[in-house]
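K.L.:
return a 3D structure for these sequence lines:
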Amino acid sequence: MKNITVSVAEEVHRQARIHAARHGTSVSALVRDYLVSLAAEPASVSDVDPRRLAQDELFRRLDQQGQGLSAADRQPRSRLHDRLA
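P.N.:
Okay, the predicted model is just below:
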């Protein structure tokens, strides 16, 4: 288990302690439970890299068209690195 340190304003800390006491728990337990629930949520679209979304969309369209990418479609490494003099 990892320990973390969080800085909050005194009033926020006071209110959190009051809330925790009313619920028979500690501020640490409240934060831990919140982080556990946050980690359990699936990633939202906004959490995904836009480049990954564009790549997934391209592959989906290629699949719909009956096309795809294969090793035979790749350019040889030597050609990829050819430079014009």
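K.L.:
confidence score at A54?
P.N.:
Per-residue pLDDT puts A54 at 85.
K.L.:
sec struct for it, please.
P.N.:
helix (DSSP: H, G, I helix; E, B strand; the rest coil).
K.L.:
next, count neighbours for it.
P.N.:
Here the number of neighbours of A54 (other C-beta atoms under 10 Å) works out to 10. Backbone N, C-alpha and C define where each C-beta goes, glycine included.
K.L.:
contacts only, for it.
P.N.:
Residues in contact with A54 (C-beta atoms under 8 Å, 6 or more residues apart in numbering): none are found.
K.L.:
that one and R61, how far apart?
P.N.:
Remark: distance between A54 and R61 (C-beta to C-beta, to the nearest Å) = 11 Å.
K.L.:
before we move on, what about V6?
P.N.:
Taking C-beta to C-beta, one finds V6 at 44 Å from R61.
K.L.:
does V27 touch H13 like I think?
P.N.:
Yes - with contact defined as C-beta atoms under 8 Å, V27 and H13 form a contacting pair (7.3 Å).
K.L.:
the more surrounded of those two?
P.N.:
V27 (17 against 13).
K.L.:
quick one, what contacts L30?
P.N.:
16, 19-20, 23.
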